[in-house]
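Colleague: whatever this is, show me its structure:
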Amino acid sequence: MQHTFSANKLQLTAINSHQEESIRRTFANLVENIDDAKLQSFLAALKTLTGDNVTDVQLSTVSKISE
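Modeller: Numbering: from 1, shown residues only. Coordinates of the predicted model:
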């Protein structure tokens, strides 16, 4: 069976000083090869822009499977 990359989705859970409850942010249609360095850079940029502290990170990858 052959696996073909289809999509990546990143879901973040974060907290900030402006809200009591945690915030969930979802980013879809990410590039295929996400490594730790790219992810860390993205999280640092997000913190700079929003002030959010990320508490949980989930990366989902979807592949199409064919014979």
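Colleague: show the contacting residues for the nearest residue to residue 2 once chain neighbours are set aside.
Modeller: Using C-beta to C-beta, 6 or more residues apart in numbering and skipping the chain neighbours, the partner closest in space to residue 2 is residue 66 (5.2 Å). Heads up, the C-betas are built off the backbone N, CA and C, glycines and all. By C-beta atoms under 8 Å, 6 or more residues apart in numbering, residue 66 lies in contact with 1-2, 4.
Colleague: identify the bridge partners of residue 8.
Modeller: Residues in a beta bridge with residue 8, per DSSP bridges, are residue 61.
Colleague: what is the burial count for the nearest residue to residue 51 once chain neighbours are set aside?
Modeller: In space, and not counting its chain neighbours, residue 51 is closest to residue 16: 5.3 Å by C-beta to C-beta, 6+ apart. Residues lying near residue 16 (other C-beta atoms under 10 Å) number 12.
Colleague: wait, residue 16 sits on residue 54?
Modeller: No: in this structure residue 16 lies outside contact range of residue 54 using C-beta atoms under 8 Å: 10.3 Å.
Colleague: ranges for the strands of the protein?
Modeller: For the chain, the strands defined by DSSP state E occupy 2-15, 23-28, 53-66.
Colleague: just those: most buried one?
Modeller: Mean neighbour count, computed with mean count of other C-beta atoms under 10 Å, is highest for strand 2-15 among the strands of the chain, reaching a mean of 14.
Colleague: confidence score at residue 61?
Modeller: As predicted, residue 61 sits at a pLDDT of 93.
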